[in-house]
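Q: any chance you could fold what I've pasted below:
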Amino acid sequence: MYQEIQTGPLSNALYTRQLHHRTKKVLQWLVGQAEARELRTAAAGAALADEVQRRITLSAQISEALFDRSLASGSMEERLEWLTEATVALLSDCVQTIRTEVAFEGQCPRPLIPVVLQVAHEMVSNAVKHGMRMRLIGRIFVSLRTSKDGSISLKVCDDGWGPGAGRTGEGHSIMSELAGGFGGSVSLTRNAGWTVATMSIPSLPLRKKEYGFSRTQRTR
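A: I've put the predicted structure just below:
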């Protein structure tokens, strides 16, 4: 008889690990293709190959930052800051200048760190793809704050064009489900020339050792 398929956190973690492993293999193959000699016979082809390789490498590194548990020992400040910068570098045009700023206040519960990183990645991606489309200069501000009662608020603000009417696609659905798993919600508003994407999650009954970072702020 066949054994019943395992479900729950362990199986979900294994599925994510397998997906990450397979994706990494595909990206490594693409890097090899970008280095093919035929692409480098002309200056334009060589420049294109270098740019493709750079973006594929960034994509692989972002995947590791989001899903590789071996990187969990890194500070939350560094991971969120690096993730923001790498996502902008991956998705922006080479002629664009997009300034990023990341602010932290309070301490993020460790069980929420993967959710915060995944939602932040989606929000920053949307800011670049939609808000900064066809713009040469822009700003993206990311803030993560934890109140004294343990509730958190993640905001990604950009001064781009705005999300457009009714733009709530698959990405918004994924973010809503991630936040909803902890009783939270995701919203998108437009105020005074800024698009503001927000994830709010109420306090969780966690011990102090499950919290991860303190107040700091960095600008790039």
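
Q: low-scoring pLDDT stretches of this protein, where are they?
A: 1-28, 30-40, 68-74, 164-168, 205-220 (pLDDT under 70).

Q: ok, which stretches of it are strands?
A: Secondary structure of the chain (DSSP state E): strands at 97-105, 137-146, 152-158, 185-191, 194-201, 216-219.

Q: out of the ones you listed, flag the one nearest Ile56.
A: strand 97-105 (20.2 Å; C-beta to C-beta). For the C-beta atoms, the positions are set from N, CA and C on the backbone; glycine is no exception.

Q: list the strands paired with the closest one, with their directions.
A: Here strand 97-105 is paired, per DSSP bridges, with strand 137-146 (parallel), strand 216-219 (antiparallel).

Q: give me whichever of the ones you listed is most buried.
A: strand 137-146 (a mean of 19; mean count of other C-beta atoms under 10 Å).

Q: quickly list the domain ranges of the chain.
A: Structural domains annotated on the chain: 1-71, 75-220, as defined by automatic domain parsing.

Q: can you list the strands of the chain in TSV and add distance to Thr84?
A: As requested, the strands of the chain are arranged in TSV below (distance: least, C-beta to C-beta, whole Å):
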stretch	distance to Thr84
strand 97-105	5
strand 137-146	5
strand 152-158	9
strand 185-191	18
strand 194-201	13
strand 216-219	10
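
Q: about what we covered before: winner for burial among the domains of the chain?
A: Comparing these by mean count of other C-beta under 10 Å gives domain 75-220 as most buried, with a mean of 17.

Q: without its sequence neighbours, what residue ends up closest to Ile174?
A: Glu122 (6.6 Å; C-beta to C-beta, 6 or more residues apart in numbering).
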